[in-house]
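*Asks:* fold the following, please.
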Amino acid sequence: MKTIPTKISDIKREWHVVDLKGKIIGRIATEVAGFLMGKGKPYYVRNLDCGDYVVVLNAKNGKMSGKKMETKIYDAYSGYPGGRKEKTFKELIIEDPKRILYEAVAGMLPKNKLRASMLTRLYIYPDEKNPHQDRINKMSS
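*Replies:* Numbers count the residues shown, from 1 in each chain. A predicted model of the protein is given here:
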């Protein structure tokens, strides 16, 4: 028996649809990160981008467990004095619900050059409407 290395031509990309309605964001983020990396595929290797496309629907209906709704803080720092902006989960879910899941998934992906290409295949939408409906319908039929 000989182990055959995976080539770029061997990689087949599929589409996955994840509905976030009423589910906990962190648990869904681990599932999405696995799809983006391609961990469930038999030809998975760490040095190639073997992942699939992921469409996440209803991002504004995601939940957090415990008291994180009030205590979890998302911040951005410009580098200048007084340039730190803080927002709680409750504020951010109203303003930009896509950012919450995006940051959670990005933190779970490997910190290397493949991360950016993996994140380009992640599509997050705040509600049911999305432009990928034709691909999703082909996949389910």
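*Asks:* tell me how many other residues surround residue 32.
*Replies:* By other C-beta atoms under 10 Å, 24 other residues sit near residue 32. In this view, the C-beta of every residue, glycine as well, is placed from N, C-alpha and C.
*Asks:* on the pLDDT front, check it for me.
*Replies:* pLDDT recorded at residue 32 is 96.
*Asks:* do the one 3 residues further on as well
*Replies:* Looking at residue 35, its pLDDT is 96.
*Asks:* do the one 3 residues further on as well
*Replies:* Reading off the confidence values, residue 38 has pLDDT 95.
*Asks:* before we move on, what about residue 141?
*Replies:* Listed pLDDT for residue 141 reads 34.
*Asks:* does the spatially most central residue of the chain belong to a helix or a strand, and which?
*Replies:* What sits nearest the mean C-alpha location of the chain, by C-alpha atoms, centre = their mean, is residue 105, with 4.2 Å. Residue 105 belongs to helix 97-108 when elements are defined using DSSP states H and E.
*Asks:* and the residue nearest to the centre of the chain, how close does it get to residue 16?
*Replies:* Note on residue 105: its distance to residue 16, by C-beta to C-beta, to the nearest Å, is 13 Å.
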